[in-house]
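Visitor: Just need the structure, nothing else, for what follows:
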Amino acid sequence: MKRDRTRTVKESQVEMVEMVLPNDTNRLGNLLGGRLMHLIDISAAIAASRHTNRVCVTASVDELNFLHPILAGEVVILQASVNRVFRTSMEVGVRVTRENLLTGERLHANSAYLTFVSIDEEGRPLPAPPIRPVTREEKRRYADAARRRELRLLHRKKY
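Guide: All right, here's what the predicted structure looks like:
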């Protein structure tokens with residue numbers, strides 16, 4: 001696949017599904033936050049690498065919202081896609097849904113935004129191919145990603 005051609009959001013999309021086992025939970029029987037962050041990072045890295053056809057590394061995690069606990073025995077569904085590409089960085093959004101397999105009930109449990117950078121063999125950043133949002137939702141996420149990037153850059157200037 002040619003590295004410089006514009007790609008659609010759909011080409012980067014990832015869906016991971018994991019069963020929450022007792023070893024993944026805290027004393028309350030809820031999925032550990034660190035374990036969920038691990039799964040989020042993996043799904044986002046796959047989406048970024050699908051988009052660039054390169055090794056991609058996590059540059060930042062700027063928002064991670066725990067809305068509802070995910071219980072032992074439930075399934076966690078992670079949906080990740082590249083929201084927007086800047087020059088060498090890209091924002092990847094991850095939506096986490098919990099599913100009770102006995103009732104079929106699904107609930108949005110978590111959302112996260114991560115920034116990834118594709119790198120060459122020496123670890124240097126590489127320009128990422130442009131992305132073309134197609135659907136109304138993809139266009140909204142594309143616009144929102146630009147606003148979040150402005151906030152990230154402002155926050156970085158403080159330090």
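Visitor: Which residue ranges of this protein form strands?
Guide: Taking DSSP state E, the strands of the chain run over residues 7-8, 14-19, 55-66, 75-85, 89-99, 106-119, 131-132.
Visitor: just checking, T97 touches E74?
Guide: No: the pair T97 and E74 does not pass the contact test of C-beta atoms under 8 Å, sitting 10.0 Å apart. Glycine gets a C-beta too; all of them are placed from N, C-alpha and C.
Visitor: between those two, who's got more neighbours?
Guide: E74 (24 against 19; other C-beta atoms under 10 Å).
Visitor: my read: L107 touches T97, true?
Guide: Yes: using C-beta under 8 Å, L107 is in contact with T97, at 6.7 Å.
Visitor: Name the single longest helix found in this structure.
Guide: helix 136-157 (DSSP state H).
Visitor: shaky segments in the protein?
Guide: Residues of the chain that meet the criterion pLDDT under 70 lie in 1-4, 159.
Visitor: 50 - rerun?
Guide: Applying pLDDT under 50 to the chain picks out residues 1-2.
Visitor: quick revisit: in TSV: the strands of the chain, plus distance to L151.
Guide: Putting the strands of the chain into TSV (distance: least, C-beta to C-beta, whole Å) gives the following:
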stretch	distance to L151
strand 7-8	25
strand 14-19	25
strand 55-66	8
strand 75-85	14
strand 89-99	12
strand 106-119	10
strand 131-132	20
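Visitor: which one of those strands lies closest to R27?
Guide: Nearest to R27 among those is strand 55-66 (16.8 Å), distances taken as C-beta to C-beta.
Visitor: just the angle between that closest one and helix 136-157, please?
Guide: 90 degrees (axes from the mean of the first three to the mean of the last three C-alpha atoms, to 10 degrees).
Visitor: buried residues in strand 55-66?
Guide: 56, 59, 64, 66 (16 or more other C-beta atoms under 10 Å).
Visitor: Which strands and helices lie in contact with it?
Guide: helix 33-52, strand 106-119, helix 136-157 (3 or more C-beta pairs under 8 Å, 6 or more residues apart in numbering; DSSP states H and E).
Visitor: Quick check, D62 in contact with E150.
Guide: No: in this structure, D62 is not within contact of E150 by C-beta under 8 Å, at 11.6 Å.
Visitor: need the contact list for R50.
Guide: For R50, the contact set (C-beta atoms under 8 Å, 6 or more residues apart in numbering) comprises 11-14.
Visitor: Let's see that with 10 Å instead.
Guide: 1, 7, 11-14, 56, 80-82 (C-beta atoms under 10 Å, 6 or more residues apart in numbering).
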